[in-house]
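> Take a look and give me a structure for this.
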Amino acid sequence: QVQLVESGGGLVQAGDSLRLSCAASGRSFSSYGMGWFRQAPGNEREFVGYISRSGDSTYYADSVKGRFTISRDNAKNTVYLQMNSLKPEDTTLYYCACRASRILSGAFNPRNYDFWGQGTQVTVSS
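Numbers count the residues shown, from 1 in each chain. This next block holds a predicted model:
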């Protein structure tokens with residue numbers, strides 16, 4: 001079992017920045033690739049980005065590419081989502097998740113993740 005706890009959400013203005021954190025406990029954090037997703041009410045969970053186990057590979061949704069950056073600190077069992085140039089359409093709940101599989105193609109589908117956090121709300125006002 002892995003427990004994931006997100007933090008860092010809040011209310012900001014358009015153009016501002018936020019950094020989300022996801023702290024993991026339980027089994028070896030470095031054994032998992034980490035993903036960030038977001039989900040608005042009534043919508044499906046949307047892929048935001050993914051970072052490999054070692055942190056040397058990252059992938060992003062087109063909607064956030066160039067604005068969001070994922071990083072991880074395996075010594076602290078934490079993954080981060082730095083969000084810059086936030087837009088009102090970025091408003092929603094953000095979730096982190098982990099997956100043991102090494103198959104990259106599965107990283108974009110929320111069904112391929114093993115454990116999830118409870119989510120943190122990000123609200124961007126115009």
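
> in this structure, which residue is closest to the centre?
Per C-alpha atoms, centre = their mean, the C-alpha nearest to the average position across the chain is that of Trp36, at 2.1 Å.

> which residues does it form a beta bridge with?
Under the criterion DSSP bridges, Trp36 forms beta bridges with Gly49, Cys96.

> what sits against it?
With contact set as C-beta atoms under 8 Å, 6 or more residues apart in numbering, Trp36 has these partners: 20, 22, 48-50, 68, 70, 79, 81, 94-97. Bear in mind the C-beta positions are built from the backbone N, C-alpha and C, glycine included.

> all strands for this structure, in order.
2-7, 10-13, 18-26, 33-39, 46-51, 58-60, 68-73, 78-83, 92-99, 115-116, 120-125 (DSSP state E).

> Which strands border the first one, and is each parallel or antiparallel?
By that I understand strand 2-7. Taking DSSP bridges as the criterion, strand 2-7 forms sheet pairs with strand 18-26 (antiparallel).

> Relative to the whole chain's centre, how far out is the partner strand?
Averaged C-alpha coordinates place strand 18-26 at 9 Å from its chain's average position (C-alpha atoms, centre = their mean, to the nearest Å).

> Now it: average pLDDT?
Taken as a whole, strand 18-26 has a mean pLDDT of 95.

> Now do Glu44 against Asn84, distance only.
25 Å (C-beta to C-beta, to the nearest Å).

> So if I had to pick from the two, which one is more boxed in?
Counted by other C-beta atoms under 10 Å, Glu44 and Asn84 do not tie: Asn84 has more neighbours, with 14 against 9.

> Find the nearest non-adjacent residue to the more buried one, please.
Of all residues not flanking Asn84 in the chain, Ser17 sits nearest, at 4.7 Å (C-beta to C-beta, 6 or more residues apart in numbering).

> got a list of what the one you found touches?
Ser17 neighbours (C-beta under 8 Å, 6+ apart): Gln82, Met83, Asn84, Ser85, Leu86.
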